[in-house]
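Trainee: Sharing a model that was predicted from the sequence below.
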Amino acid sequence: MQSGAKTLSAGGGASLCCLLLLWLIYSHLLREGQLAVGTCEIVMLNRDSSVPRRTIARQTARCACRRGQIAGTTRARPACVDARIVRSRQWCEMAPCLEGEVCSLLFNRSGWTCTKGSGRIKTVTPLPKEPS
């Protein structure tokens, strides 16, 4: 019985050591502040409701996109999208609106609108990327 307990204890210690080693490797690869490839996060969000019945929201997102992708919007959240969509300004191809909303390009392709059946309209105009 004692040899079984020692084997179990040794096996548990080895497993714990292995898990600790994996955690150290993972934490080294993904340092604090780094994003996993293909993900985005909102780093700044400002809302201005000073005009009645109108809210102006500005957000800045940080993305770690794969080759051929660029920061965009999918389902009203920051996401990595095909760079061709942004370059060609075919905004609705990245599915930027929420479920149940209809996407339409602005006449000059400077952005898009998301329209709900109730008549609520959100207009989005991306700002050009600031030089780093």
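Mentor: That came through, no problem. If you're wondering where the values come from, they're calculated on a predicted model, not measured in any experiment.
Trainee: Scan the helices and strands of this structure for the one with the lowest mean pLDDT.
Mentor: Using mean pLDDT, DSSP states H and E, helix 2-29 stands out as the lowest-scoring helix or strand of the chain, at a mean of 53.
Trainee: So which residues of this structure form strands?
Mentor: Ranges of strands in the chain, per DSSP state E, are 39-48, 56-64, 69-74, 77-82, 102-105, 112-115, 121-124.
Trainee: Can you tell me the strand partners of the fifth one and which way each runs?
Mentor: It stands for strand 102-105. Applying DSSP bridges, strand 102-105 is found paired with strand 112-115 (antiparallel).
Trainee: Could you do the first one as well?
Mentor: Using DSSP bridges, the strands paired with strand 39-48 in its sheet are strand 56-64 (antiparallel).
Trainee: Pull the distance from the strand it pairs with to the chain's centre.
Mentor: Its chain's average C-alpha position is 9 Å from that of strand 56-64, according to C-alpha atoms, centre = their mean, to the nearest Å.
Trainee: which residues are in contact with it?
Mentor: Among residues not part of strand 56-64, those counted as contacts by C-beta atoms under 8 Å, 6 or more residues apart in numbering are 34-49, 70-71, 78-80. Yep, even glycine has a C-beta here, placed from its N, CA and C like the rest.
Trainee: of these, buried ones?
Mentor: By neighbour count, with 16 or more other C-beta atoms under 10 Å, the contacts of strand 56-64 hold 40, 70-71, 78-80 as buried.
Trainee: Please report how far W91 lies from R84.
Mentor: W91 is 12 Å from R84, where distance means C-beta to C-beta, to the nearest Å.
Trainee: Now for C65: which residues touch it?
Mentor: The contact partners of C65, taken as C-beta under 8 Å, 6+ apart, are 37-38, 71, 80.
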